[in-house]
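Participant: next comes the sequence, and after it the predicted model I'd like to discuss.
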Amino acid sequence: QVQLVESGGGLVQAGGSLRLSCAASGRTFNRYAMGWFRQAPGKEREFVAAISWNGGSVYYADSVKGRFTISRDNAKNTVYLQMNSLKPEDTAVYYCAIGYGSRWPAGLDYGSWGQGTQVTVSS
């Protein structure tokens, strides 16, 4: 079973940047699409971005389009989320997950969640 560990969160001023990483254990990482989600206090978890198994297709929530970039390095079993032009409303715990199934992008079944990494954007 694949296990995921997120890192790279922290405190940043509005307009700043952070790069999150999600490291996966297991040899089957490169078979799956991957997704990033976030959950702000008192709110439901929401989709942020997804990337196909080979990195050839990406998909973003409207709220981050043009500011965030998802990428992956299958040789390193790692998926990244580059976050630029951060806003206070981006403050949340960010999670990565594996996207199971073949109905790209909206029909994937996400699982094997990591423990999350806190991102705080100050105004």
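Facilitator: All right, it came through fine. Numbering: from 1, shown residues only.

Participant: can you get me a residue count around the nearest residue to residue 86 once chain neighbours are set aside?
Facilitator: Spatial nearest neighbour of residue 86, chain neighbours left out: residue 121 (4.6 Å); criterion: C-beta to C-beta, 6 or more residues apart in numbering. Placement of C-beta: from N, CA and C, glycine included. For residue 121, the neighbour count with other C-beta atoms under 10 Å is 20.

Participant: and residue 121, what element?
Facilitator: Of the helices and strands defined by DSSP states H and E, residue 121 is found in strand 117-122.

Participant: quick one: contacts for the residue lying closest to residue 64 once chain neighbours are set aside?
Facilitator: Nearest residue to residue 64, sequence neighbours excluded (C-beta to C-beta, 6+ apart): residue 48, at 5.8 Å. Shown in contact with residue 48 (C-beta atoms under 8 Å, 6 or more residues apart in numbering): 35-38, 60-61, 64, 68, 81, 94.

Participant: got a list of what residue 94 touches?
Facilitator: Going by C-beta under 8 Å, 6+ apart, the list of residues near residue 94 reads 6, 9, 20, 36-38, 48, 81, 116-119.

Participant: give me the beta-bridge partners of it?
Facilitator: Per DSSP bridges, the residues bridged to residue 94 are residue 38, residue 117.

Participant: ok, it to residue 75 distance?
Facilitator: Counting by C-beta to C-beta, to the nearest Å, the gap from residue 94 to residue 75 is 23 Å.
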